[in-house]
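> Predicted model follows, preceded by the sequence.
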Amino acid sequence: MGRMIITGVDRSARSRAAADWAAREALLRGLPLHVVHVTAPDDPAADERPYRPEAVADRVFAELVERHPELAGHSSTLTGMPAPVLRGLAEDAELLVLGLRGEGGHAGVTVGSTAAALAVACPGPLVLVPGTYAGEEPPGRADGVTLGIDARDPVGPAVGLAFEAARLRGARLHAVHAWTFPAQAARSPFPVPEEDRATWEDQEVQMLADALRPWRGRYPRVDVLEDVVLFTPAEALAHTAHNSGLVVTGRHSGGTALAVLEHARCPVAVVPA
């Protein structure tokens, strides 16, 4: 399989929002799009639905080509459980793009089961796109790219994806590094002296600058805002990504990614280490 973007779809409006984001990203990158619908074997409810499972991917792809005539790609229907099937496809994909929730989701569920499973185990970059329930804002409200980075242990593929996304969009990259007080200070019942806090923060600022320096050299035209914040990683991204069109976070364990997704208002890229 050559380089391509894969989007998993079902019958939901949320799925179509994700597929449209994937189509625009494919055009931006000059790549074909593979639209995939995964259906369970011997689905007893298939005959009760508006159209049969084998037509879902074809219909979504046709809608995308109608909106984006220059889009190249194809559609296919596969049988199995969605998470394992999509995980296998993602091994060779440039990006795997899904809705944050599928057709089985409801207002009380922020992250669907397939999205959650892939957020912690996808072998390649995964982009999860928020849905379009009544009253929800559409994904991608702005062009900026926000990168959540641990300057002590940066996930290189995530940093690279964020810089490339900012370059393609001609957008600013907001690199956010979260830090906390040293354990001894955090346990102390006394307030942290301001001079100690300033010293520690200066060290974190330098650490972030060092982590980003080689990437700035590779992407000299990308405008980068370096930001060091005294929060947990998930809180840091939640506070800084409100006006972003794309959030990128590396995945060490998956915990931060899932916490970010609970509050996502724009597409979130989760990139394995």
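Alright, I've got the coordinates.
> I'd guessed residue 231 sits against residue 240; true?
No. Counting by C-beta atoms under 8 Å, residue 231 stays clear of residue 240, with 9.1 Å between them. For every residue, glycine as well, the C-beta is placed using N, CA and C.
> Between these two, point out the one with more neighbours.
Set residue 231 next to residue 240 and count neighbours by other C-beta atoms under 10 Å: residue 240 wins out with 21 against 15.
> For that one, give me its contacts.
Residue 240 sits next to 146, 174, 176, 227, 229 when contact means C-beta atoms under 8 Å, 6 or more residues apart in numbering.
> can you tell me how far it sits from residue 79?
Distance from residue 240 to residue 79, counting by C-beta to C-beta, to the nearest Å: 42 Å.
> Please apply the same query to residue 56.
13 Å.
> where do the contact lists of those two overlap?
Shared contacts of residue 56 and residue 79 (C-beta under 8 Å, 6+ apart): residue 39.
> Okay, and the residue lying closest to residue 197 once chain neighbours are set aside sits in which element?
Once flanking residues are discounted, residue 197 sits nearest to residue 181: 7.7 Å by C-beta to C-beta, 6 or more residues apart in numbering. Of the helices and strands defined by DSSP states H and E, none includes residue 181.
> Just give the number of residues close to residue 181.
14.
> Would you check that it makes contact with residue 193?
No. With contact defined as C-beta under 8 Å, residue 181 does not count as touching residue 193 (11.2 Å).
> Let me see the ranges of the strands in the stretch 151-273 of the chain.
Ranges of strands in the stretch 151-273 of the chain, per DSSP state E, counting those that start in this stretch, are 173-178, 224-229, 246-251, 268-272.
> what helices or strands is the second one leaning on?
I take that to be strand 224-229. On a contact count with 3 or more C-beta pairs under 8 Å, 6 or more residues apart in numbering; DSSP states H and E, strand 224-229 meets strand 173-178, helix 194-218, helix 233-240.
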